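[1] let's see this in three dimensions:
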Amino acid sequence: MIRHIGIFVCFLLFSASCEREVIIDVDPIPSKLVIVSNFSSGNPLESDSLMRVTVSRTAPALSQNDTLINVSDAVVELFADDEVFKERLHYRQPTVQEKLRGIQPYYSTSNFIPTGGEIYTLRVSAPNFTPVEATGFIPSTEAESEASITTSESRTTNGFVNVDFELDLTINDFPTVENFYHINLYQFINLLRVSAGGDTTRTEIVIGPLAFNLIDNNQEVLPYIDNRGVLIKDDNFDGGSGNFVFEGNFLYNPNSEEVGDFVVEVRNTSEDYYLYHSSLARQVRVQSGFDAISGPVVLHNNIENGCGIFAGYSPVFTRLDLAN
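    A predicted model of the protein is given here:
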């Protein structure tokens with residue numbers, strides 16, 4: 001009996017000392033299509049109001065590349081209510097101005113411009129990918145707002161001019177429905193060019209969205225990425241008026257630039273739009289270390305079988321003439 005116990009112990013020791021490579025067959029996680037489209041029925045800061053859709057794909061699992069990869073051979077189709085086919089979108093390279101704003105290649109309609117209140121369905125397919133689908137709409141009502149701005153200038157030691165501004169914005173909220181807003185601020189700049197003959201020409205461009213911060217006035221806003229804009233829910237002023245005061249600054253070169261008017265954009269957005277961009281803003285803050293207390297943020301997604309956002313907004317632009 002003792003001999004048997006000894007043999008058993010030796011077997012256990014021998015077994016524990018052996019190492020065997022075990023190969024586990026795990027299916028790789030396939031790449032998914034990523035769709036991003038925020039559309040409206042009109043934007044005076046753009047050359048047109050066509051619907052634009054960027055299509056990319058996620059990198060394969062365990063890949064060292066965590067950036068999205070553009071997809072140029074997709075079939076992108078747009079439908080309206082009751083499965084009415086509207087248009088197949090065409091792949092386009094961004095213009096020089098769009099490249100300066102960081103816009104990637106996209107698909108766009110040729111003639112069709114979306115309208116408020118109508119539900120749209122987007123279907124996208126590409127070789128070797130599961131087709132994706134999403135629905136979205138533009139809110140049928142535009143935000144009613146009042147805005148004013150004050151500025152002060154000071155010259156810096158390197159010859160630039162620093163402009164401090166304070167934006168006072170009041171949003172008159174629609175009652176009985178939950179409303180979501182995205183606020184942006186832009187600046188017109190005239191680029192000055194002097195010819196060999198001494199003549200000065202001016203080329204007007206738009207910069208922005210500008211960065212700004214909320215001055216504490218007992219209202220709640222969610223700063224967007226790099227503080228370039230804010231997202232607002234009407235929880236604290238549902239059916240009433242919400243007043244917000246923002247402050248910020250920017251630099252310009254008086255030798256080659258002239259400051260023009262400001263433009264305030266108030267977007268009345270769909271809920272999907274708000275949820276996606278608010279989760280994106282929080283995710284960026286966590287990843288940048290500005291909100292280390294919060295845990296991981298799950299990015300809102302309304303793309304079936306894929307990732308991203310397909311959502312509309314209704315914008316109102318107010319040009320603030322500083323000459324007045």
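[2] contacts, neighbours, all on C-alpha from now
    Will do.
[3] off-centre distance for stretch 89-109?
    Here stretch 89-109 shows a centroid-to-chain-centroid distance of 15 Å under the convention CA atoms, centre = their mean, to the nearest Å.
[4] typed the wrong thing, it's stretch 170-182
    On CA atoms, centre = their mean, the centre of stretch 170-182 falls 20 Å from the chain's centre.
[5] what does stretch 307-315 give?
    In this view, stretch 307-315 has its centroid 9 Å away from the chain centroid, taken as CA atoms, centre = their mean.
[6] avg pLDDT for that stretch?
    Stretch 307-315 comes out with an average pLDDT of 95.
[7] hmm, who's touching it?
    Residues from elsewhere that reach stretch 307-315 (CA atoms under 8 Å, 6 or more residues apart in numbering): 32-43, 116, 122, 134-143, 265-270, 272-273, 276, 300-303.
[8] also stretch 121-141?
    31-33, 39-41, 73-81, 83, 114-120, 268-270, 302-306, 310-314.
[9] again with stretch 206-218
    Contacts of stretch 206-218 (CA under 8 Å, 6+ apart): 45, 184-189, 221, 223, 226-229, 244-250.
[10] of those residues, which belong to strands?
    Assigned to strands by DSSP state E, the following of these qualify: 184-189, 223, 244-250.
[11] in JSON lines, list the residues you listed along with distance to Asn172.
    Below are the ones in strands among the contacts of stretch 206-218 laid out as JSON lines (distance: CA to CA, whole Å):
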{"residue": "Asn184", "distance to Asn172": "17"}
{"residue": "Leu185", "distance to Asn172": "18"}
{"residue": "Tyr186", "distance to Asn172": "21"}
{"residue": "Gln187", "distance to Asn172": "24"}
{"residue": "Phe188", "distance to Asn172": "26"}
{"residue": "Ile189", "distance to Asn172": "30"}
{"residue": "Pro223", "distance to Asn172": "20"}
{"residue": "Phe244", "distance to Asn172": "12"}
{"residue": "Val245", "distance to Asn172": "15"}
{"residue": "Phe246", "distance to Asn172": "17"}
{"residue": "Glu247", "distance to Asn172": "21"}
{"residue": "Gly248", "distance to Asn172": "23"}
{"residue": "Asn249", "distance to Asn172": "26"}
{"residue": "Phe250", "distance to Asn172": "29"}
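[12] which of these are buried, as a PyMOL select command?
    Remark: buried members of the ones in strands among the contacts of stretch 206-218, expressed as a PyMOL selection using 16 or more other CA atoms under 10 Å:
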select buried, resi 184+185+186+187+188+189+223+244+245+246+247+248+249
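[13] where does pLDDT dip in the stretch 1-150 of the chain?
    Residue ranges of the stretch 1-150 of the chain with pLDDT under 70: 1-29, 47, 60-66.
[14] start to end distance for stretch 190-203?
    One end of stretch 190-203 to the other measures 5 Å (CA to CA, to the nearest Å).
[15] what comes up buried for that stretch?
    Asn190, Leu191, Leu192.
[16] pLDDT on it, on average?
    86.
[17] please name the bridge partners of Glu265.
    Under DSSP bridges, the beta-bridge partners of Glu265 are Asn184, Phe317.
[18] how close does it sit to Val316?
    Counting by CA to CA, the gap from Glu265 to Val316 is 6 Å.
[19] same check, this time on Val36
    Distance from Val36 to Val316, by CA to CA: 22 Å.
[20] if I pick Val297, what's in contact with it?
    Contacts of Val297 (CA under 8 Å, 6+ apart): Ser279, Arg282, Gln283, Val286.
[21] at 6 Å what do you get?
    When contacts are counted by CA atoms under 6 Å, 6 or more residues apart in numbering, Val297 is found next to Gln283.
[22] that one belongs to a helix?
    No: going by DSSP: H, G, I helix; E, B strand; the rest coil, the assignment for Val297 is coil, not a helix.
[23] list phi and psi for it.
    phi -110, psi 130 (degrees, to the nearest 10).
[24] now swap in Ala281 and tell me
    Main-chain torsions, Ala281, degrees, to the nearest 10: phi -60, psi -40.
[25] quick one: contacts for it?
    Ala281 touches Tyr224, Ile225, counting by CA under 6 Å, 6+ apart.
[26] gap between it and Ile225?
    Distance from Ala281 to Ile225, by CA to CA: 5 Å.
[27] closest to Asp173 among the ones in strands among the contacts of stretch 206-218?
    Distances from Asp173 to these, taken as CA to CA, are shortest for Phe244 (13.1 Å).
[28] residues contacting that closest one?
    By CA under 6 Å, 6+ apart, the neighbours of Phe244 are Leu169.
[29] just the pLDDT at it, thanks.
    94.
[30] circling back to that earlier point, write a ChimeraX command that selects only the buried members of the contacts of stretch 121-141.
    Restricted to buried positions by 16+ other CA under 10 Å, the ChimeraX selection for those reads:
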select :32,33,39,40,41,74,75,76,77,78,79,80,114,115,116,119,120,268,269,270,302,303,306,310,311,312,313,314
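[31] right, I'll leave it there.
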